[in-house]
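Visitor: need coordinates for the below:
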Amino acid sequence: MTEITIDPTLCSGCGICVRTCPYGILQLTDDADVASVIPERVDFCSHCGHCSAICPDNAITISYEGAGPVPDLSREDIPTAGALSRLMVSRRSIREYQKKPVPQDILSQIFDIIRYAPTGMNGQSVHWLVVQDPKEIRELIGRVIDWARMVVRDQPAHPLAPILPVMITEWEEGRDRICHRAPQIIFASSHKDNPIGFVDAIIALTHLDLAAPVFGLGTCWAGILQIALSSSPELMESIGLPKDFVSHYAMMIGYPATSYPGIPVRNAASVTWR
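Guide: Residues are numbered from 1 along each chain as shown. This is a model prediction of the structure:
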């Protein structure tokens with residue numbers, strides 16, 4: 001149940017919340033000095049929280065099941081364009097990790113940040129699965145290798161067929177070229193019937209990808225793992241997501257064993273101006 005409360009002793013009647021709400025849940029009538037809630041429209045609330053965030057008088061409170069605490073970042077500065085640019089252009093896909101797991105409290109701090117990643121209709125539907133048991137990760141990669149052997153044998157036209165034999169051979173020789181011995185694998189998932197679940201998950205993972213270096217961590221998008229999961233219902237089921245949930249993408253995470261002092265060359269941006 002969603003509750004939107006407006007404290008009349010604080011509300012100045014500026015009406016900015018009324019103009020901000022995308023679903024017309026709030027009103028400022030001609031005979032009132034303060035904003036009020038239209039009860040029959042509360043069910044339309046998408047929990048975006050913009051009305052409370054934009055209120056200059058701190059007069060609006062929103063509560064609903066599952067809502068986490070609102071962080072107090074009032075003393076933190078917005079990064080400069082230079083600082084943000086450095087973060088974004090210097091992040092690299094890490095494929096060599098130190099042999100130590102990321103503490104759960106560090107990952108929890110990251111999840112607490114990226115829960116603010118935008119989602120369609122503010123559905124906040126992304127579910128996270130963190131696999132950190134080395135034995136479980138190894139068994140999962142073993143199942144992906146079995147899938148790879150099947151593709152090489154039965155699907156020679158598969159786009160990955162030319163490179164999978166190399167990964168199979170590497171695995172047989174004791175090297176992991178699927179997840180590069182990352183200490184943890186993170187899966188972003190949502191219910192299989194969510195029409196925008198994939199987009200929500202990719203946006204959230206991108207936020208994770210950018211947040212990780214701030215904590216001294218490196219990441220890598222686990223493309224081959226995800227292709228295998230999407231190709232095999234049995235493999236998807238084996239990772240243990242909630243019922244009827246699917247992984248939209250997987251990401252490796254850990255402490256990098258190497259660093260990148262330089263920034264590689266990239267193509268110039270392709271932009272059409274009208």
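
Visitor: sec struct for Gln226, please.
Guide: What DSSP: H, G, I helix; E, B strand; the rest coil gives for Gln226 is helix.

Visitor: go on, Asp72?
Guide: coil.

Visitor: beta partners for His127?
Guide: Ser189 (DSSP bridges).

Visitor: remind me, longest helix of this protein?
Guide: helix 134-154 (DSSP state H).

Visitor: excluding chain neighbours, what is closest to Ser90?
Guide: Once flanking residues are discounted, Ser90 sits nearest to Ile263: 5.9 Å by C-beta to C-beta, 6 or more residues apart in numbering. To be clear about C-beta, it is placed using only N, CA and C from the backbone, and glycine gets the same treatment.

Visitor: how deep is that neighbour tucked in, by neighbour count?
Guide: 11 (other C-beta atoms under 10 Å).

Visitor: name the helix or strand for it, please.
Guide: Ile263 is part of no helix or strand, with elements assigned from DSSP states H and E.

Visitor: what do you get for Phe111?
Guide: Phe111 belongs to helix 104-114, assigned by DSSP H and E.

Visitor: please apply the same query to Met88.
Guide: helix 81-90.

Visitor: so which bits of that helix are buried?
Guide: Buried residues in helix 81-90, counted by 16 or more other C-beta atoms under 10 Å: none are found.

Visitor: check stretch 95-115 too.
Guide: Neighbour-count burial for stretch 95-115 [16+ other C-beta under 10 Å]: 95, 97, 101-102, 107, 110-111, 113-114.

Visitor: with stretch 142-161 instead?
Guide: Within stretch 142-161, the residues that count as buried by 16+ other C-beta under 10 Å are 143-145, 147-148, 151-152, 160.

Visitor: okay, these in CSV with pLDDT and distance to Glu172 next?
Guide: Shown next, in CSV, are the buried residues of stretch 142-161 (pLDDT from 0 to 100; distance: C-beta to C-beta, whole Å):
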residue, pLDDT, distance to Glu172
Arg143, 98, 15
Val144, 98, 13
Ile145, 98, 8
Trp147, 98, 15
Ala148, 98, 11
Val151, 97, 16
Val152, 97, 13
Leu160, 96, 17
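
Visitor: of those residues, which is the nearest to Ala182?
Guide: Val144 (13.4 Å; C-beta to C-beta).
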